[in-house]
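Asker: fold the following for me, if possible:
(chains A and B)
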Amino acid sequence: MEEKISKLLKICRGIEPSEEFKERSRRLILSAIPRRLSVLEIIKQELRENLKFSLALGLASLLIFIMLGGINWGNKKQVSNLESEELLSEIRNIDFQIQLGEAKYFTESAEEIAALLGEIKETDDQINTVLDQIIF
Amino acid sequence: MKKYLSVFLIIAGLLSQEAAAQSEAVRSAREEVIATVDKLAEIQEQDLTPEAKEREEIALKKTALQKIINLSAAETLDLKDKLASLTGVETQLISLQDQLLTKLEDYLAYFDDTNRALEIISRREEIQNLAGDFKDWREVSYNQELKKAIDFILVFQNKSLLKTAQERLIKFASEVRKTKLVRESYQPLLNEAARNLREAREANNRALSLLGDYLEKSLAGEVLTKLNSIPQTREPSLRELVETSLTKIKAAYKSLIDLADLARKTTR
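Answerer: So this is what the prediction gives:
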């Protein structure tokens, strides 16, 4: 029994924490210790904080300014720039040249197809030509 | 050669202008026709024996006829889709819309039949006869019905544009009061736009009443009685009326643009 215990203790003596555990523990312990800041560092930190605050304040003011101004511009734009662009675009779409162009296309296409079919048919056209020549 | 080339040139011109309004399927079918016509023209210049030239020409004419049938089918399908997608059609004209759609469906079936008939023939006379029959059929039946379908589409597309323009005018009339503009400066422009839109509506209504002529006789009597309640003079053609209406809509938009410019200058 004693022999067994002695063997077990020998094995336990060889057990060591892993490298990862050691590293993690070291970092945890070191970070817990408050580092004493130099005067320069304190000034820098203060300046940084002030700058952050000023920027935030400036951005908020700008946002409020844009919002208030935006509402005002929006009212003016309701019948100006925005609408005018939309109108121009609508006018382009309703241009009767485009609208009636489609009807014109079908009329002309029908004429051209008839001419082409006449070319394929050919014989009748030749007869017609001959007939025309006989008539005149 | 010259005759093929002249037709080719006209078609190429068509392709660049009006065809811009066509669907991709129609454009592509038309290009195929042009390519075949081009080849037919090239054959005339090639140094071939008369027999070989004859063989090539017959084969190309068969292809050309097939491409023309395909083009006709693509155009018909394009129109059928446009006709079917129209909204706001008056109840009394829905029967005409259905009637035209049925005709276009029949034509699509006819194109399939003609293509099948073309597949099994190879002699010059057979191809020429089929081309002749197809040409006659297009002239007597197809072109007439296609014109009706196009007119129907024109009137109802225009009606839809009118609706948009009227909504735009109402919106403007309401918005302009929120600006610094004095009533005396903007009211004439609003009045001008309203007058043009009224005239545009009247012209389109007259065009719409002319559609009643396209109804088959059994339906025409009843529908025409209803449509004739719209005051009309029958002198201008349907397309002229649509064109007048579109010009008036354009003029109305011009007044609204002037109004927008005026508002912009005042608020600057």
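
Asker: can we go C-alpha only for contacts and neighbour counts from here?
Answerer: OK.

Asker: show me which residues of the stretch 101-250 of chain B sit near chain A.
Answerer: B:127-129, B:131-132, B:134-135, B:139, B:143, B:147, B:150-151, B:154, B:161, B:172, B:175-176, B:178-179, B:243, B:246-247, B:250 (C-alpha under 8 Å from any C-alpha of the partner chain).

Asker: swap the cut-off to 6 Å and go again
Answerer: Residues of the stretch 101-250 of chain B lying close to chain A (C-alpha under 6 Å from any C-alpha of the partner chain) are B:Gln128, B:Ala131, B:Gly132, B:Lys135, B:Leu246.

Asker: the third one: how many residues sit nearby?
Answerer: Per other C-alpha atoms under 10 Å in any protein chain shown, the neighbour tally for B:Gly132 reads 21.

Asker: repeat that for the second one.
Answerer: With neighbours defined by other C-alpha under 10 Å, the count for B:Ala131 comes to 29.

Asker: next one: the fourth one
Answerer: Using other C-alpha under 10 Å, the number of residues around B:Lys135 comes to 20.

Asker: which parts of stretch B:137-156 are buried?
Answerer: Neighbour counts over stretch B:137-156 (16 or more other C-alpha atoms under 10 Å in any protein chain shown) mark B:138, B:142-143, B:145-146, B:148-156 as buried.

Asker: would you reformat the residues you listed as a markdown table and include distance to B:Ser185 and secondary structure?
Answerer: Listed next are the buried residues of stretch B:137-156 as a markdown table, based on distance: C-alpha to C-alpha, whole Å; DSSP: H, G, I helix; E, B strand; the rest coil:
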| residue | distance to B:Ser185 | secondary structure |
| --- | --- | --- |
| B:Arg138 | 56 | helix |
| B:Tyr142 | 54 | helix |
| B:Asn143 | 51 | helix |
| B:Glu145 | 50 | helix |
| B:Leu146 | 48 | helix |
| B:Lys148 | 45 | helix |
| B:Ala149 | 44 | helix |
| B:Ile150 | 42 | helix |
| B:Asp151 | 40 | helix |
| B:Phe152 | 40 | helix |
| B:Ile153 | 38 | helix |
| B:Leu154 | 36 | helix |
| B:Val155 | 35 | helix |
| B:Phe156 | 35 | helix |
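
Asker: from the residues you listed, which is closest to B:Ala117?
Answerer: Of all the buried residues of stretch B:137-156, B:Arg138 has the smallest distance to B:Ala117: 16.6 Å, by C-alpha to C-alpha.

Asker: what pLDDT does that closest one get?
Answerer: With respect to pLDDT, B:Arg138 has a value of 94.

Asker: who are the packing partners of the host helix or strand of B:Asn196?
Answerer: Using DSSP states H and E, B:Asn196 maps to helix B:183-210. Packing contacts for helix B:183-210, counted by 3 or more C-alpha pairs under 6 Å, 6 or more residues apart in numbering or on different chains; DSSP states H and E, involve helix B:238-267.

Asker: just give me the neighbour total for A:Ile120.
Answerer: A:Ile120: 25 neighbours (other C-alpha under 10 Å).

Asker: which of the helices or strands spans it?
Answerer: helix A:96-121.

Asker: mind listing what's buried in that helix?
Answerer: In helix A:96-121, counting by 16+ other C-alpha under 10 Å, buried: A:96-106, A:108-110, A:112-121.

Asker: stretch B:45-54 too?
Answerer: Buried, per 16+ other C-alpha under 10 Å, within stretch B:45-54: B:Lys53.

Asker: and stretch B:71-84, by the same measure?
Answerer: B:Leu71, B:Ser72, B:Ala73, B:Ala74, B:Glu75, B:Thr76, B:Leu77, B:Asp78, B:Leu79, B:Lys80, B:Leu83.

Asker: identify the residue of chain A closest to chain B, quick one.
Answerer: A:Lys121 (4.2 Å; C-alpha to the nearest C-alpha).

Asker: show me chain A divided up by domain.
Answerer: A:37-68, A:82-136 (automatic domain parsing).

Asker: now do the first one, average pLDDT.
Answerer: Along domain A:37-68, the predicted local confidence has a mean pLDDT of 67.

Asker: between helix B:238-267 and the helix holding A:Ile120, find me the angle.
Answerer: 150 degrees (axes from the mean of the first three to the mean of the last three C-alpha atoms, to 10 degrees).

Asker: what is the mean pLDDT for helix A:96-121?
Answerer: On average, helix A:96-121 scores 80.

Asker: about what we covered before: show the average pLDDT along the helix holding B:Asn196.
Answerer: 93.

Asker: next: stretch B:115-134.
Answerer: 93.

Asker: tell me the span between the first and last residue of it.
Answerer: 11 Å (C-alpha to C-alpha, to the nearest Å).

Asker: average model confidence for stretch B:260-268?
Answerer: Mean predicted confidence for stretch B:260-268 is 77.

Asker: is that stretch in proximity to chain A?
Answerer: Yes: using C-alpha under 6 Å from any C-alpha, stretch B:260-268 comes into contact with chain A via B:Ala260, B:Ala263, B:Arg264.

Asker: quick one: which of those is nearest to A:Ile5?
Answerer: Nearest member of the residues of stretch B:260-268 next to chain A to A:Ile5, counting by C-alpha to C-alpha, is B:Arg264, at 97.6 Å.

Asker: so which strand or helix has A:Glu16?
Answerer: Counting by DSSP H and E, A:Glu16 is found in no helix or strand.

Asker: then A:Glu46?
Answerer: Take DSSP H and E as the rule and A:Glu46 turns out to sit in helix A:39-77.

Asker: so what's B:Gly132 up against?
Answerer: A:Lys121 (C-alpha atoms under 6 Å, 6 or more residues apart in numbering or on different chains).

Asker: so how far is chain A from B:Ala73?
Answerer: 12 Å (C-alpha to the nearest C-alpha, to the nearest Å).
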